[in-house]
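Asks: coords please:
(one chain, ligands or ions: 1)
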Amino acid sequence: GKSGYDHFMLKEIHEQPRALRQCLRGRVSELDGDVTVPELGDIELERVHLVAAGTSYHAAVYGAQLLCDAGISAQAHYAHEYAISPPPIENATVVGVSQSGETADTLAATREARRLGAETLALTNTVGSTMARECDKAFYIRSGPEIGVAATKTFAGQQTALNLLAEAATPGAGDRDLVSALRDLPGNVQEILDESTAESVAEAYIDADSYFFIGRGLNFPVSLEGALKMKEISYEHAEGFAAGELKHGPLALVTANTPVFATVTGDGEYARKTIGNVKEVEARDAPVVAVTDGRSNVGRYADHVLDVPQTHPRVAAILANVQLQLVSYYTAAMLGRSIDKPRNLAKSVTVE
Ligand code: M6R
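Replies: The predicted structure follows:
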């Protein structure tokens with residue numbers, strides 16, 4: 001049942017601390033912080049193609065950045081595109097990212113990769129799923145069952161598992177700060193759930209014409225995901241893009257009635273440049289919601305701030321998404337939408 005929550009989606013958002021603890025359990029050494037995932041064996045990654053659809057594709061975009069940071073050539077691909085026309089695949093490990101492990105598009109991509117002789121890995125939530133059975137290896141995110149059509153805890157689980165994959169693939173090069181941030185992750189998510197003001201943000205913009213989500217680096221896939229969640233359950237138009245794209249077109253749509261959600265974590269180059277974009281939309285009278293760890297001064301330019309605890313930049317992108325999940329949820333709830341079963345959509349898309 002829904003354990004007292006109005007919807008499975010809200011229940012699953014609140015299950016994230018537990019789901020992430022499960023994902024990490026036994027995989028990060030208490031002693032030296034080394035990451036070991038027995039299912040992966042001594043995996044060596046030279047070149048990685050991550051194939052996925054929907055929310056899982058956003059996790060794949062996030063994961064590709066982590067692997068590239070670890071010195072592994074990695075790209076995220078839409079599975080439905082990849083299946084028809086894969087790029088050169090020599091020495092590639094093809095990672096199917098799929099909550100269900102049954103998505104037809106993603107299965108078509110991993111099957112094509114196998115046919116071409118690539119090593120395949122299923123990164124999935126569903127033990128014994130078709131993808132887990134068909135791929136050479138299966139890496140489970142252990143999020144527990146997800147009933148709501150909108151993927152929530154499984155996206156956080158995929159992000160977390162992709163961090164483990166990047167660490168496991170670069171033995172010896174382990175990032176201790178990351179490992180300790182991963183250990184703190186479930187508690188940090190709990191803090192957001194306990195203190196979020198997302199409901200009042202949703203209320204403030206309930207009459208918006210459209211919702212925009214911007215971010216750079218790891219916050220780019222977070223912005224894509226923020227927009228997908230919003231459109232999927234609220235039926236409102238939303239668009240997410242890399243903040244740098246703003247002035248290459250989307251800025252023409254920005255008005256006083258299009259709130260812009262800017263995810264800005266850290267205080268480096270990405271933050272500085274995204275703050276520049278925030279000023280641009282402000283000059284067009286758009287309301288700004290900053291999702292931030294407070295390391296930069298983006299809050300100064302924002303109408304609302306959704307806080308995330310300060311942590312490792314990779315983990316910050318997991319936390320920021322939780323705030324955006326809540327904004328979508330409360331927007332859809334206030335609009336009276338069918339949150340757990342949005343119109344026209346299925347939990348598992350088993351036809352191409
Ligand atoms: O089971 P999968 O992760 O392969 O599903 C892929 C997409 O259909 C899925 O993520 C979809 O986009 C979600 N409903 C989004 O919330």
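Asks: Any idea how many residues pack against the nearest residue to V264 once chain neighbours are set aside?
Replies: Spatial nearest neighbour of V264, excluding adjacent residues (CB to CB, 6 or more residues apart in numbering): V298 at 4.3 Å. C-beta coordinates here come from the backbone N, C-alpha and C atoms, glycine included. Around V298 sit 25 other residues, with neighbours defined as other CB atoms under 10 Å.
Asks: dump the residue contacts of V298.
Replies: A262, V264, A271, T274, I275, V278, A290, T292 (CB atoms under 8 Å, 6 or more residues apart in numbering).
Asks: could you redo those residues as a markdown table and give each row pLDDT and secondary structure?
Replies: Shown next, in a markdown table, are the contacts of V298 (pLDDT from 0 to 100; DSSP: H, G, I helix; E, B strand; the rest coil):
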| residue | pLDDT | secondary structure |
| --- | --- | --- |
| A262 | 98 | strand |
| V264 | 98 | strand |
| A271 | 98 | helix |
| T274 | 98 | helix |
| I275 | 98 | helix |
| V278 | 98 | helix |
| A290 | 98 | strand |
| T292 | 98 | strand |
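Asks: Among these, which one sits closest to the ligand?
Replies: Minimum distance to the ligand across the contacts of V298 is 21.8 Å, recorded for A262 (CB to the nearest ligand atom).
Asks: Does that closest one touch A242 like I think?
Replies: No - at 11.9 Å, A262 does not count as touching A242 under the criterion of CB atoms under 8 Å.
Asks: Can you name the residue of the stretch 101-250 of the chain nearest the ligand?
Replies: Ranked by CB to the nearest ligand atom, the top residue of the stretch 101-250 of the chain for proximity to the ligand is T103, at 3.3 Å.
Asks: residue contacts, that residue?
Replies: A53, S56, A79, M131, S348, V349, T350.
Asks: circling back: most neighbours among the contacts of V298, which one is it?
Replies: V264 (32 neighbours).
Asks: which residues pair with that one across the strands?
Replies: Taking DSSP bridges as the rule, V264 bridges to T292.
Asks: Does stretch 50-66 reach the ligand?
Replies: Yes - judged by CB under 6 Å from any ligand atom, stretch 50-66 and the ligand are in contact via A53, G54, T55, S56.
Asks: would you turn the residues you listed into JSON lines with pLDDT, neighbour count and secondary structure?
Replies: Shown next, in JSON lines, are the residues of stretch 50-66 next to the ligand (pLDDT from 0 to 100; neighbours: other CB atoms under 10 Å; DSSP: H, G, I helix; E, B strand; the rest coil):
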{"residue": "A53", "pLDDT": "98", "neighbour count": "20", "secondary structure": "coil"}
{"residue": "G54", "pLDDT": "98", "neighbour count": "22", "secondary structure": "helix"}
{"residue": "T55", "pLDDT": "98", "neighbour count": "23", "secondary structure": "helix"}
{"residue": "S56", "pLDDT": "98", "neighbour count": "27", "secondary structure": "helix"}
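Asks: which of those residues sit farthest apart?
Replies: The largest separation in the residues of stretch 50-66 next to the ligand, counting by CB to CB, is between A53 and T55 at 8.4 Å.
Asks: which residues does A83 contact?
Replies: Listed by CB under 8 Å, 6+ apart, the contact partners of A83 are V51, D105, A108, A109, R111, E112, E352.
Asks: cutoff 10 Å now
Replies: Neighbour list for A83: 51, 77, 104-113, 352 [criterion: CB atoms under 10 Å, 6 or more residues apart in numbering].
Asks: Please flag which of the residues you listed sit within strands.
Replies: Secondary structure from DSSP state E places V51, H77 of the contacts of A83 in strands.
Asks: any idea how far A74 is from G63?
Replies: Plainly put, A74 is 7 Å away from G63 if you go by CB to CB, to the nearest Å.
Asks: Now the common contact residues for those two.
Replies: V48, L50, V95, L162, A166.
Asks: what's the closest non-adjacent residue to the fourth one?
Replies: So the one you mean is L162. For L162, the closest residue by CB to CB, 6+ apart turns out to be G63, at 3.5 Å.
Asks: same check, this time on the second one
Replies: In this structure, L50 finds its nearest non-sequential neighbour in A60, 3.7 Å apart by CB to CB, 6+ apart.
Asks: element containing the one you found?
Replies: helix 54-69 (DSSP states H and E).
Asks: to the chain's geometric centre, what's the distance from that helix?
Replies: Computed by CA atoms, centre = their mean, to the nearest Å, the chain-centroid distance of helix 54-69 equals 8 Å.
Asks: Stretch 289-299 too?
Replies: Worked out by CA atoms, centre = their mean, stretch 289-299 lies 19 Å from the chain centre.
Asks: Can you list the buried residues in that stretch?
Replies: Buried positions in stretch 289-299, judged by neighbour count with 16 or more other CB atoms under 10 Å: V289, A290, V291, T292, D293, G294, S296, V298.
Asks: Let me know whether the residue nearest to L162 touches L123 as I believe.
Replies: Yes - with contact defined as CB atoms under 10 Å, G63 counts as touching L123 (8.2 Å).
Asks: Compare those two (neighbour count), which wins?
Replies: Legend: neighbour count by other CB under 10 Å for G63 and L123, higher for L123 (30 against 27).
Asks: Regarding that one, what is its secondary structure?
Replies: Look at L123: counting by DSSP: H, G, I helix; E, B strand; the rest coil, its state is strand.
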